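> what follows is a predicted structure for the sequence shown.
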Amino acid sequence: MKKIILFLGIACGLVSCLEVLELNHDNSDPVLVVEGLITDKPGPYTVRLSTTVSFNLSQRSNPVEDAIVTISDDLGNQEILNYVENGRYETTSMQGMIGRTYYLDVAYGGVNYKSQSTLLPVSAIDTLYSTFEKATRFIEGGYYLSIGAKSANPNLVNYFRWKVYEADSLYNGVNDIMVARDDYFEGEFVFQFGYPFEIGDTVKVEMYSLNKDAYDYYQGFVTILQSDGGLFSPPPVNAPSNISERVLGIFQACSVVSEEVIIAK
């Protein structure tokens with residue numbers, strides 16, 4: 001199989017058109033924000049709901065406390081989520097399964113917001129190792145982590161997201177949204193993350209399967225983060241959502257694998 005090594009930083013590229021919502025920055029009406037995730041790991045699974053606020057206010061969002069949130073699957077199983085706190089709704093008994101399609105229904109403000117996502121298999125992690133790179137004009141010196149994996153569906157385009165933790169602390173900054181697609185590879189690939197580590201560091205990598213609409217969402221989100229509003233930057237628009245009606249956010253079903261390594265010579 002063909003093996004290609006890439007230096008993986010943040011996602012980039014063109015964004016597919018799903019539903020792009022442009023807001024009036026002066027006096028926009030509140031818009032619902034949905035963040036939902038179900039995986040093949042044990043729950044509870046969480047859906048977070050909030051509404052946007054005016055741009056001249058210091059608070060970032062308002063939590064939604066009075067919605068009815070339901071998740072069901074293509075076998076007819078259904079669960080109404082319990083409200084916990086701060087806009088967070090949780091399942092109590094549902095277990096995500098690879099191959100099933102999950103449906104989200106959020107009843108709020110007289111509107112039913114709907115979405116669906118199929119829980120696809122994720123690629124197996126074959127190797128996780130570090131190599132030392134000398135400092136240059138472009139990178140810091142240190143030990144850089146690489147991950148080797150094989151496509152879960154070699155005959156299809158597979159989409160992924162990676163999360164990197166150092167000593168249980170997630171890299172969660174502007175440049176840490178890492179997604180990719182494997183249609184340029186032939187079943188086997190190696191990615192190198194752009195973080196320099198030191199000997200003795202404990203690093204964990206999580207690898208998530210994505211549907212194409214979730215991949216497009218993250219691509220759009222990264223485009224927003226990268227836009228500086230300069231002469232050659234397009235005016236920022238919101239990331240394309242896979243949720244019906246006028247809404248921001250994403251509902252996604254993902255399978256997850258993880259590996260941990262201690263950086264050594």
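That came in fine, so what should we check first?

> distance of the nearest residue to Leu32 once chain neighbours are set aside relative to Gln116?
Excluding its sequence neighbours, the residue lying closest to Leu32 (CB to CB, 6 or more residues apart in numbering) is Val247, at 4.8 Å. Where you see a C-beta, it was placed from the backbone N, CA and C, and this is true even at glycine. According to CB to CB, to the nearest Å, Val247 stands 14 Å off from Gln116.

> higher neighbour count, these two?
Val247 (24 against 19; other CB atoms under 10 Å).

> can you list the residue ranges for helices in this protein?
Counting by DSSP state H, the chain has helices at residues 212-226.

> can you give the domain ranges for it?
5-12+121-212+256-262, 32-119+237-254 (automatic domain parsing).

> same list, the ones you listed, but as CSV with distance to Gln219 and mean pLDDT please.
Output for the domains of the chain, formatted as CSV (distance: least, CB to CB, whole Å; pLDDT from 0 to 100):
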stretch, distance to Gln219, mean pLDDT
domain 5-12+121-212+256-262, 6, 85
domain 32-119+237-254, 8, 91
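
> would you mind measuring from Ser151 to Met207?
Ser151 is 12 Å from Met207, by CB to CB.

> what do the two both touch?
Ser123 (CB atoms under 8 Å, 6 or more residues apart in numbering).

> any idea how far the residue nearest to Leu32 lies from Cys254?
20 Å.

> what of Leu210?
For Leu210, the distance to Cys254 - CB to CB - is 7 Å.

> list the residues that are in contact with both of the two.
Overlap of the contact sets of Leu210 and Cys254 (by CB under 8 Å, 6+ apart) consists of 120, 161.
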